[in-house]
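Peer 1: Can you look at this prediction? I've put the sequence above it.
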Amino acid sequence: MTATFKVTRIFHLTSEPVPFVVGTATGLMSIGDAVVLKKADGTQIRGTLDSMHVKRNVTGEISMMFSAEISENVEVGDEIRTDAG
């Protein structure tokens, strides 16, 4: 089953090379998973899930960090899915 992560916020920290990407997830995602960033214009960018903060806040959002390919192109409203192959 494909997991989906809907991006709601992005936080850039000077101490980290890539931003924390905040959003809501459906399905299971694991560190190291191959993922695909899906843009509104149909563009798809492949990368990996590198890290996550699993404590959910009251809105159900979680924080994740993705590989540079994803991090350099992600925007609020984008969708990131596990790559089913």
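Peer 2: Okay, I see it.
Peer 1: which non-adjacent residue is nearest residue 50?
Peer 2: Of all residues not flanking residue 50 in the chain, residue 65 sits nearest, at 5.0 Å (C-beta to C-beta, 6 or more residues apart in numbering). C-betas here are computed from N, CA, C, even on glycine.
Peer 1: element containing that neighbour?
Peer 2: strand 62-66 (DSSP states H and E).
Peer 1: Not counting that strand itself, show me its contacts.
Peer 2: Residues from elsewhere that reach strand 62-66 (C-beta atoms under 8 Å, 6 or more residues apart in numbering): 5, 11, 16, 18-25, 29, 35, 37, 47-56, 71, 74, 80.
Peer 1: if we go to 10 Å?
Peer 2: With C-beta atoms under 10 Å, 6 or more residues apart in numbering as the test, strand 62-66 has contacts from 5, 7, 9, 11, 16-25, 29, 31, 33, 35, 37, 45, 47-57, 70-74, 80.
Peer 1: Tell me which of the residues you listed fall in strands.
Peer 2: Using DSSP state E, the subset of the contacts of strand 62-66 located in strands is 5, 7, 9, 11, 20-25, 35, 37, 45, 47-53, 80.
Peer 1: before we move on, back to that, in its sheet, what does the strand holding residue 65 sit against?
Peer 2: strand 20-26 (antiparallel), strand 44-53 (antiparallel) (DSSP bridges).
Peer 1: winner for burial among those strands?
Peer 2: Ranked by mean neighbour count, the strands paired with strand 62-66 are led by strand 20-26 with a mean of 19 (mean count of other C-beta atoms under 10 Å).
Peer 1: Can you get me the centre-to-centre distance for stretch 77-85 and its chain?
Peer 2: For stretch 77-85, the separation from the chain centroid amounts to 8 Å (computed by C-alpha atoms, centre = their mean, to the nearest Å).
Peer 1: mind exporting it as CSV, just the C-alpha atoms?
Peer 2: The C-alpha trace of stretch 77-85 is given here as CSV (Å, rounded to 0.1, in the frame of the first residue of the first chain):
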residue,chain,number,x,y,z
GLY,A,77,0.5,21.8,-0.6
ASP,A,78,2.7,19.2,-2.3
GLU,A,79,2.2,15.5,-1.8
ILE,A,80,5.0,13.0,-1.0
ARG,A,81,4.3,9.3,-1.6
THR,A,82,6.2,6.1,-1.0
ASP,A,83,7.5,4.8,-4.3
ALA,A,84,5.7,1.6,-5.2
GLY,A,85,8.3,0.9,-7.8
